[in-house]
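Enquirer: Here is my input, please return the structure:
(2 chains)
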Amino acid sequence: MNFPILSFLILLPTVGSLFLFFTRSKKENNITTKYVALFTSLVNFFLSIYLWILFDNTTSDFQFVEDRIWIDGLVNYKVGIDGISILFVILTTFITPLCIISVNNSIKNRLSEFLIAILIMESFMIGVFCSLDLVVFYLFFEAGLIPMFLIIGIWGGSRRVYSAFKFFLFTLLGSVLMLVAIISIYWITGTTDVVQLYELGIDAKYQNLLWLAFFSSFAVKTPMWPVHTWLPDAHVEAPTAGSVLLAAILLKMAGYGFIRFSLGLFPIASEIFTPLIYTLSVVAIIFTSLIALMQEDMKKLIAYSSVAHMGFVTLGIFTIQQQGIEGSIIQMISHGLVSAALFLCVGVVYDRMHSRLIETYGGIVTIIPKYSILFMVFTLAALGLPGTSGFVGEFLILMGAFKDNFLVAVIASFGVIIGAAYMLWLYKRVIFGKLVNLDLKKMVDLNRSELFILSSLAIPTLFFGFYPEPLINTIEVSISDLIKVYNINIMNN
Amino acid sequence: MINLELIFPEIFLSLSIMFLLIIGVFKKESSRIIQNLSLIVLLVTAVITFNETIGIEKRYLFKESVVIDYLSSFMKIMTLLAAFIVLVISSNYLRTFKIFKIEYPILILSSVLGMMIMIGSNDLIVFYMGLELQSLALYVLATFNRDQLKSSEAGLKYFVLSALSSGLLLYGCSLIYGFTGSTNFNIISNQLSSEDYVLTFGIVFVLVGLAFKISAVPFHMWAPDVYEGSPTSVTLFFTIVPKIAALTVFIRFLYVPFLNLIDQWQMILVFLSIASMLFGAIAAIGQTNLKRLVAYSSIGHVGYALAGLATGSNEGIQSSVIYITIYILMNLGLFSCLLMMKRNNEYYEEIEDLSGLSKNHPLISISFLIILFSLAGIPPLAGFFAKFYIFKSVLEQSMYFLAIVGLLSTVIAAFYYLRIIKIIYFDKEKEKYDTDHSLWLKFSLTFSTLFILAYFIFPSQLIEFVSRINII
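Expert: Predicted structure coming up:
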């Protein structure tokens, strides 16, 4: 097929944002700008679904590959997807329109600029998951900082400046070392093309340092303990749609990067550093879960729970077991849906009461029943109840972990229990209990758009919880081949 | 046989300067005409340079004391075009301060002439002549707003410190002459034996003088004061045009006569580069005046350009030239924004004055945003590629320390660029600025912004231009 479908996916949101840029930002244009943005992102979504239908899941080769000369003799613009990346592309195109619908209530000023930032962000995020060249990957990976910085800084809460700076500088600091590593790879092997690098392999004596350089970038982005501190700040201050993008997609870039680059390019170093990842992941799971227990602020609680969930993801990836990596990807997809939904849930009550503190609420189950039901679905999905997608991911990860390292798996399992504790306690304090704050009585239940957003997140959460087959089928071959190549590399060394 | 047409651009330029001076003396109220004529002269010189010299092989003139090659043609054309844009966008600023005089364009032309001589020099004496011609013109330009105390102070400071550095430079030249018996780069290179360690002294003194001209740490002290005190349009000139010439001389001086002594000077350049990058990044954090901040940021950027030169490879030189080209365009955009911050015949240059600019002037703000992110080196903007090429050539020579320090200082530098963006976008708005900007000002802002934004689509073109530079 000659139609450059991936480039189209990457470019379309940017083109849409150009349209918005040239329409005047006035109050009466708000509806139009929103429809333009929504239309663009929906076209992208359907296109990516079409991509999934065309996708051949019996091979681990890259598909829909485009390869053009970009910087002569240095870097080619190369994009393509395999089983590992396609799900992230779909997740991105699925979450973005929901973000755009959700801006109704939360963004009061400069709506069209906000939509432009979101659309450009979508372009960059899809680019990250599609790129098959290290330089192109770095380009998209870093470029996402600009719109996110603006989203937090312009439309954020009261401490938005601090959070935006912290987010930007932390991530940039992590990433510059990756740039050094990428250029070094170019000089060591003569190419930055990922497919060629898979074939060539990188000399074992360089792998450790290169792995660490990539790790520094991904660890900040994941975020892993102890460099996770930017995340709660960024989440708390970002507007709802910004938090959703951040939690649902931005964090996944790092998990994806670990699978694609750390495992794929530096298998020997990955084997060496597995204990480091295990330690950091387990600390993240237990430590941040305990911190989450103590939070007063709902958004902060969910942010810390994100750190814990991403701890499971990194744990699963470095088990190098079929189940572990599959579980990690499903966990990332599931966390993308669930954390997005949870942030939206917080956004819903915040729009009504302008408070994110847990103590403000309590006893609202009879006042806003629809909300309470949907919130419960996502709470249960977050704690990994069987029948939700959260369970599938966590279960597979722990299965992989038990095969690889018993102790780590046992400790991580405790994290599941603490996770259940803080999520259920949050739900109990917000929804049940005695109605103390009488202002809560004025709250109205979900309106049409909120109901639509939350239920369209709930459906895949439950569907993939009962029937994860489509996800597993898509990723299975790619992962088994990755592990095969990995093990051959380890044996040869 | 002397091929005079090869230096026809310089001859044309110097004759035009004299001609313009005569018009200026005899015709009253001629500043407008002279301004326009100077613009034409700059363009014509650029065209002549392009026609006469761009395609030719390396040629020497006047007993090999002047060299014409691709590097010199490229840099000369860049100097001329940059001077053209500076001149064309500064007229409104000068009118506001009532210093729209005939001397301004003529001084710019003479300093450009000096730079062209510097760029083409293959001999210490010729190089020094060009350097002094451009410096003398620059001293006067710095004091051009002579009724303002700050401007006079800037000029005086620049003069005193620059004279000192010229002295050091001359001392270095004489040392080099003493040990090799010639001032010509080619002859020095032939006479050189790598045991001449004493020559290192000469090299160091010349490098000190050059580092001063390009404002590299630790010879940067003049830059913030002079940049702040000079009229903004002159500051713009300072930040971009002399840097092109000084960088070219750096390349020629290090790579033609002293390539064999690379072990001696490489450490010095690495030090200059690291010190400039770090100091430029850290010292800019505390600034409140935009022009001072630009001074520190330009110190930092010079550090990156020097990092490319420290590699001792053709790729390094090319990456430095790319860096300086992109840097010029970014600075052009930045200053176009500064020149637009005018309200009731008064120009504002404090960072706080930018507060909430995005509400009143969305288009200027978005350009500002793009330029600042590009200066910070964030992809996919042009500034990222500039740094990318530099670090690519640095890492080719396995100079990991330089690369890592350089990249870490981009993170520090990102902080103060972000601070400006924060003030523009996150803070409360103030009064509106005037919107009656001249067409050229709008053009230069639009052009530089679009270039920065769209560079990533066609990154190969600039490399292709630069890849013909072959010094080693």
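
Enquirer: Buried residues, stretch A:375-394. List them.
Expert: A:375, A:377-384, A:388-394 (16 or more other Cβ atoms under 10 Å in any protein chain shown). Backbone N, C-alpha and C define where each C-beta goes, glycine included.

Enquirer: Among those residues, which are located in helices?
Expert: Within the buried residues of stretch A:375-394, residues falling in helices by DSSP state H are A:375, A:377-383, A:389-394.

Enquirer: Over to the residue nearest to A:L200 when sequence neighbours are not counted: give its phi and psi.
Expert: Leaving aside its sequence neighbours, A:L200 sits nearest to A:T189 (Cβ to Cβ, 6 or more residues apart in numbering or on different chains; 5.4 Å). Phi and psi for A:T189, reported as degrees, to the nearest 10, are phi -110, psi -20.

Enquirer: any idea how far A:T189 is from chain B?
Expert: 13 Å (Cβ to the nearest Cβ, to the nearest Å).

Enquirer: Contacts only, for that residue.
Expert: Counting by Cβ atoms under 8 Å, 6 or more residues apart in numbering or on different chains, A:T189 makes contact with A:196-197, A:200, A:202.

Enquirer: And those, which of them are buried?
Expert: A:197, A:202.

Enquirer: possible to save the contacts of A:T189 as TSV with distance to B:S448?
Expert: Compiled in TSV, the contacts of A:T189 are given as follows (distance: Cβ to Cβ, whole Å):
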residue	distance to B:S448
A:Q196	37
A:L197	36
A:L200	40
A:I202	39
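
Enquirer: Narrow the contacts of A:T189 to those in helices?
Expert: Assignment to helices by DSSP H places the following of these there: A:196-197, A:200.

Enquirer: Just the closest of those residues to chain B, please.
Expert: A:L197 (16.8 Å; Cβ to the nearest Cβ).

Enquirer: Now the residue of chain A found nearest chain B: which helix or strand?
Expert: For chain A, the residue closest to chain B is A:V176, as judged by Cβ to the nearest Cβ, at 3.8 Å. Following DSSP states H and E, one finds A:V176 within helix A:160-189.

Enquirer: one step back: can you lay out the ones in helices among the buried residues of stretch A:375-394 as TSV showing distance to A:F273?
Expert: Below are those laid out as TSV (distance: Cβ to Cβ, whole Å):
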residue	distance to A:F273
A:F375	39
A:V377	38
A:F378	34
A:T379	35
A:L380	35
A:A381	31
A:A382	29
A:L383	30
A:S389	29
A:G390	28
A:F391	29
A:V392	27
A:G393	23
A:E394	23
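
Enquirer: from those, which is closest to A:N473?
Expert: A:V392 (13.3 Å; Cβ to Cβ).

Enquirer: wait, what's in contact with the closest one?
Expert: Contacts of A:V392 (Cβ under 8 Å, 6+ apart): A:327, A:330, A:334, A:464-465, A:468.

Enquirer: Pick out the most distant pair among those.
Expert: Among the contacts of A:V392, the pair separated by the greatest distance (Cβ to Cβ) is A:G327 and A:G465, at 13.5 Å.

Enquirer: what about these two, which has more around it?
Expert: A:G327 (30 against 22; other Cβ atoms under 10 Å in any protein chain shown).

Enquirer: can you pull out the helices in the stretch 101-250 of chain B?
Expert: B:103-120, B:124-142, B:149-180, B:185-191, B:199-214, B:222-229, B:232-255 (DSSP state H, counting those that start in this stretch).

Enquirer: So which of the ones you listed is nearest A:L51?
Expert: Smallest distance to A:L51 across those (Cβ to Cβ): 46.8 Å, for helix B:232-255.

Enquirer: Which neighbouring elements make contact with the closest one?
Expert: When contacts are defined as 3 or more Cβ pairs under 8 Å, 6 or more residues apart in numbering or on different chains; DSSP states H and E, helix B:232-255 sits against helix B:70-96, helix B:103-120, helix B:124-142, helix B:199-214, helix B:222-229, helix B:290-309, helix B:314-340.

Enquirer: export those to a markdown table and tack on mean pLDDT and distance to A:L245?
Expert: As requested, the helices and strands packed on helix B:232-255 are exported to a markdown table (pLDDT from 0 to 100; distance: least, Cβ to Cβ, whole Å):
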| stretch | mean pLDDT | distance to A:L245 |
| --- | --- | --- |
| helix B:70-96 | 89 | 40 |
| helix B:103-120 | 92 | 49 |
| helix B:124-142 | 91 | 49 |
| helix B:199-214 | 89 | 43 |
| helix B:222-229 | 90 | 40 |
| helix B:290-309 | 92 | 31 |
| helix B:314-340 | 91 | 29 |
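
Enquirer: Nothing else from me, thank you.
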